[in-house]
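Enquirer: Pasting the sequence and the predicted model now:
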Amino acid sequence: MSLYKVIGPCVGIAFIYYWFTRNRDKEVQEAEPVAVSEIETQNQTPNMSNIYEGLNKNQFLERVMKNVGCHINMCKIENNEFHVTYQGEHFTIVYSEDSPYISVYDVAWYSAELDDIDNLSLVRQAVNASNLQNIATVLYTIDKENACVNVHTRQCCIFGSYIPDVENYLRSLFENSFKQHHNFYRHIEEIRKEQHV
């Protein structure tokens, strides 16, 4: 008799638990998916690329550069280039409205006199060694008018509003040039030390 007194309430509790969980699961399944998607939309952070929609290449570049703290020295729309200063360094950005690519130049940040053959040799070796780092291309040009060799960096890359976090992407391009400055000067010093050993 006592066994029935124990089994009865257990079965009753099990039935109530089953009925409660079954109805709760049914309510969750019947909930409108729109409500869930509305909550998800409210929790999403705004897409930063939306602030650049509808701009042409010139407007887009100008706005991104201002947002990363560039000072635009001059904008030559007819030549499709910007001359900007970023953290004290002067850059030239060349673009085309119908191309997804831009070229970022950091021009003449190191010079050597043409008469100094030893220094020209150092420059050539340091340029070649820096390019092994594969960050930004280091190159040099001969300025016959001023009788010197100038060292530059150049990067050609895709650039558009479809790039995630486009502002940090542009910052990284500028930083690549600064890294190559460091690599170049480091290689100059290393080569000098090797030559004096």
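Expert: Happy to help now that I have it.
Enquirer: Check which strands are paired with the helix or strand hosting Phe91 and give the direction for each one.
Expert: Using DSSP states H and E, Phe91 sits within strand 89-95. Sheet pairing of strand 89-95 (DSSP bridges) gives strand 81-86 (antiparallel), strand 101-113 (antiparallel).
Enquirer: Quick one: end-to-end length of stretch 90-105, please.
Expert: Stretch 90-105 has its terminal residues 9 Å apart, counting by CA to CA, to the nearest Å.
Enquirer: ok, and for it, which residues are buried?
Expert: 91-95, 102-105 (16 or more other CB atoms under 10 Å). In short, each C-beta sits where N, CA and C put it, glycine included.
Enquirer: What segments of the protein are helices?
Expert: Ranges of helices within the chain are 2-30, 33-43, 57-67, 117-131, 166-195, based on DSSP state H.
Enquirer: Output the contacting helices and strands for the last one.
Expert: Put plainly, it is helix 166-195. For helix 166-195, the packing partners by 3 or more CB pairs under 8 Å, 6 or more residues apart in numbering; DSSP states H and E come out as helix 57-67, strand 89-95, strand 101-113, helix 117-131, strand 137-143, strand 148-158.
Enquirer: would you turn those into CSV with distance to Ile51 and mean pLDDT?
Expert: As requested, these are exported to CSV (distance: least, CB to CB, whole Å; pLDDT from 0 to 100):
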stretch, distance to Ile51, mean pLDDT
helix 57-67, 8, 94
strand 89-95, 19, 95
strand 101-113, 19, 96
helix 117-131, 36, 94
strand 137-143, 31, 96
strand 148-158, 19, 97
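Enquirer: so which of the ones you listed comes closest to His196?
Expert: For the helices and strands packed on helix 166-195, proximity to His196 was assessed by CB to CB; helix 117-131 is nearest, at 11.6 Å.
Enquirer: Mind listing what's buried along the closest one?
Expert: By neighbour count on 16+ other CB under 10 Å, the buried set for helix 117-131 is 119-120, 122-123, 125-127, 129-131.
Enquirer: now stretch 142-157
Expert: 148-155, 157.
Enquirer: Closest to Tyr169 out of these?
Expert: Checking the buried residues of stretch 142-157 one by one against Tyr169 (CB to CB), the nearest turns out to be Cys157, at 8.6 Å.
Enquirer: Specify the beta-bridge partners of the closest one.
Expert: Residues in a beta bridge with Cys157, per DSSP bridges, are Ile102.
Enquirer: distance of it from Cys70?
Expert: Using CB to CB, to the nearest Å, Cys157 is found at 16 Å from Cys70.
Enquirer: Ok, Gln180 next?
Expert: For Gln180, the distance to Cys70 (CB to CB) stands at 19 Å.
Enquirer: Tell me which of the two has more neighbours.
Expert: Using other CB atoms under 10 Å, the more surrounded residue of Gln180 and Cys70 is Gln180, with 25 against 21.
Enquirer: Can I get stretch 185-192 in PDB, CA atoms only?
Expert: Provided in PDB are the C-alpha atoms of stretch 185-192 (Å, rounded to 0.1, in the frame of the first residue of the first chain):
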ATOM      1  CA  TYR A 185      68.500  52.700 -42.300                       C
ATOM      2  CA  ARG A 186      69.200  49.500 -40.400                       C
ATOM      3  CA  HIS A 187      70.600  47.800 -43.500                       C
ATOM      4  CA  ILE A 188      72.800  50.900 -44.200                       C
ATOM      5  CA  GLU A 189      74.300  50.600 -40.700                       C
ATOM      6  CA  GLU A 190      74.800  46.800 -41.000                       C
ATOM      7  CA  ILE A 191      76.500  47.100 -44.400                       C
ATOM      8  CA  ARG A 192      78.800  49.900 -43.000                       C
END
